[in-house]
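K.L.:
any chance you could fold what I've pasted below:
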Amino acid sequence: NIDFAIEAMANPVDFKPENLGAAINSELAEYFPSLTVDEQTILFTRRLPSKTSPEGFNEDFFVAEKKNGEWQSAYNIERPINTEMNEGAPTLSADGHLLIFTACELFGSYGGQRKGMGSCDLFYSQKRGKNWGIPYNLGQTINSRHWETQPSFSADGKTLYFIRGLRDERGNTNGNIYVSSLDNELRWAKPIPLSNKINTPLNEESVFIHPDGQTLYFSSDGHPGMGGLDIYISRKDENGEWSEPVNLGYPINTHKNENSLLVSSDGKTAYFASDRDEGFGELDLYQFELNEKFAPKKVSYFAGTIFNANTNEPLEAKFELIDLATSSIAVESYSDPTSGEFLVTLPAGKEYALNVSKEGFLFYSENFSLEESTILKPVKEDIPLEPIEIGKKIVLKNIFFETDKYALKDKSKVEL
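P.N.:
Below you'll find the predicted structure:
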C-alpha cells in the first residue's frame, strides 16, 4: 500500500470534482446516486433527522429531473417506498421504471412483502406511469440470513450485482460482490461470488455495472491502494472473465474511504459522494470528467412510445432488440402499461433488429444501426401497432439479400 501510494501521488490523474449544486445537495448527507440511462433523472439517498429512529436518523430516497441541462429541486418520493425505516443504496433500471433497493425490516410493517429474511434484504418496486408500486422482497434466492445491500442492475435487465456480508471466523462481517441472472422464466439464479480477482478476504462494496454490461466499478480495502476503501475498475472479456482490478489513482482515491461511484452511459462523467470542505454539509454528490483509460465502452439508448395506430392509445407491448451479427437478443422488455414508453441502452458499433408484438395486433419490424463514433446520438422512434383486421399487411424489414441475388443473408433468419 505504501509503495502504491508513493507511486500514485507522484503520478496524479486528472480530477476536477464539481458539486451538483443546491438543487441536489443540502446541509444533510446525500449519497448512493443512481441515474437513468438518458441521464435525465437522478435518484439518491438522503439521511434525515428522526425522533422515532433509534439511530436518530432516517434514510429516504429523493429524486430530481434535469431540464434544459440543469437539475431541478430534488423531492422525496414518499410512500409506498419511503417509510419511517431506512431505505438506501438504490439502483434504477435503464428506463427508470424499476427500482431495487435495500431495507432492513424483519416484520413487514409497511405492506406488501416488506418482510426481511435476514439482517438487510433487497426489495423491488415497479413504476406505472408516475406512481411507484408497493415494494416486494426479491425472494430467498437472492436474499439470505446474511445482509444484502448496494445492488446494481444491468441495463439489459438480466443481471443483478450486489454486496453480501458474510461473517469470518473472527466474527467480522466483510462484504463481497455477488451476481445473479434471470433465466427465460424470469426466475433468479442462485447468486455466485465474483472472481477472486475482484473479491478479497477483506471488504468490497459500492458495486456498479456500467450500461455497457462489461465494465465494473467497485470499492475495496483488499487491493493495493491509498488506504481505506479505494475505487477500482475491472473489465469482462468475451469469455466472461474479469480482468485484474485497476485502482483509479490519486487524487480520486485518498487515505480516506471512497465509494458510491457512478458512471454516465456515455462514459464521460462520473458521480460520487464526498464530504469535502467546500460542500453544503456532510456528504454531497459531485461529478467529474472521467479519464479515458477508465472509461467504459460507448453505448447509446433507444427510446420511444408504443401506441394503437387507430386510437393513439398507449400500449404495453413486448419488444426485442436483436444483434443481427450474432442473432442474440440484446434486450427483451415491455413498454410501460400506462404511458407506452420504453427506454433501453445498447452497445455502439452494431446493427439491430427491432421486433414488437402484442396479442391482437400485427407484428412490427424495423432495423437500425448505432455507429461507433465520438458523439452518439440516441435513437428515438414511436411505434404504431396495427390492430389485426382483414386486409392489413405486415412489412418485414429485417429480410436481407445478397446484392443482385435471391440468396438470403444469415441475419435474415432471425426475423423469419
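K.L.:
thinking F44 is in contact with D284, fair?
P.N.:
No - using C-beta atoms under 8 Å, F44 makes no contact with D284, being 10.5 Å away. To be clear about C-beta, it is placed using only N, CA and C from the backbone, and glycine gets the same treatment.
K.L.:
now do the shared contacts for the two.
P.N.:
I24, E30 (C-beta atoms under 8 Å, 6 or more residues apart in numbering).
K.L.:
and the strands in the stretch 251-400 of the chain?
P.N.:
Counting by DSSP state E, counting those that start in this stretch, the stretch 251-400 of the chain has strands at residues 262-263, 269-274, 284-289, 299-308, 318-323, 328-334, 341-347, 350-357, 364-370, 379-380, 383-385.
K.L.:
oh sorry, the question was meant for the stretch 1-150 of the chain
P.N.:
Under the criterion DSSP E, counting those that start in this stretch, strands of the stretch 1-150 of the chain are mapped to 18-19, 29-35, 41-49, 57-67, 70-71, 75-76, 87-92, 98-103, 121-128, 131-132, 136-137, 147-153.
K.L.:
which elements pack onto the first one?
P.N.:
Just to be clear, that refers to strand 18-19. Counting contacts by 3 or more C-beta pairs under 8 Å, 6 or more residues apart in numbering; DSSP states H and E, strand 18-19 packs against strand 284-289.
K.L.:
list the helices and strands the strand it packs on packs on?
P.N.:
Contact here means 3+ C-beta pairs under 8 Å, 6+ apart; on that basis strand 284-289 packs against strand 18-19, strand 29-35, strand 269-274.
K.L.:
again, 10 Å this time
P.N.:
Packing partners of strand 284-289 (3 or more C-beta pairs under 10 Å, 6 or more residues apart in numbering; DSSP states H and E): strand 18-19, strand 29-35, strand 41-49, strand 269-274.
K.L.:
OK, contacts around K350?
P.N.:
Counting by C-beta atoms under 10 Å, 6 or more residues apart in numbering, K350 touches L321, D323, L324, A325, T326, A330, S369, L370, E371, E372.
K.L.:
tell me the pLDDT at the last one?
P.N.:
I take that to be E372. On pLDDT, E372 comes in at 64.
K.L.:
can you check N137 too?
P.N.:
On pLDDT, N137 comes in at 91.
K.L.:
distance of the closest residue to K66 other than its chain neighbours from V63?
P.N.:
Spatially, and ignoring its direct neighbours in sequence, K66 is nearest to Q40 (4.9 Å; C-beta to C-beta, 6 or more residues apart in numbering). Distance from Q40 to V63, counting by C-beta to C-beta, to the nearest Å: 11 Å.
K.L.:
any residues in contact with both of the two?
P.N.:
Shared contacts of Q40 and V63, counting by C-beta under 10 Å, 6+ apart, come down to G96.
K.L.:
compare those two (neighbour count), which wins?
P.N.:
When Q40 and V63 are compared for neighbours, V63 comes out ahead with 18 against 14, by other C-beta atoms under 10 Å.
K.L.:
burial of the residue lying closest to that one once chain neighbours are set aside, as a residue count?
P.N.:
Spatial nearest neighbour of V63, chain neighbours left out: L43 (4.7 Å); criterion: C-beta to C-beta, 6+ apart. L43 has 21 neighbours, counted by other C-beta under 10 Å.
K.L.:
A273 bridge partners, please.
P.N.:
L285 (DSSP bridges).
K.L.:
if I look at it, what pLDDT would I see?
P.N.:
If you check A273, the pLDDT there is 89.
K.L.:
how many other residues sit next to it?
P.N.:
Here the number of neighbours of A273 (other C-beta under 10 Å) works out to 24.
K.L.:
so who does it touch?
P.N.:
25, 29-33, 44-45, 206, 258-262, 279, 282-286.
K.L.:
for the helices and strands packed on strand 284-289, which one sits closest to E7?
P.N.:
Evaluated over the helices and strands packed on strand 284-289, closeness to E7 peaks at strand 269-274, with 22.1 Å, by C-beta to C-beta.
K.L.:
what about that closest one, distance to the chain center?
P.N.:
With C-alpha atoms, centre = their mean, to the nearest Å as the basis, strand 269-274 stands 15 Å off its chain's centre.
K.L.:
repeat that for stretch 180-194.
P.N.:
Chain-centre distance of stretch 180-194: 16 Å, with C-alpha atoms, centre = their mean.
K.L.:
before we move on, what about stretch 121-141?
P.N.:
Relative to its parent chain, stretch 121-141 has a centroid offset of 15 Å by C-alpha atoms, centre = their mean.
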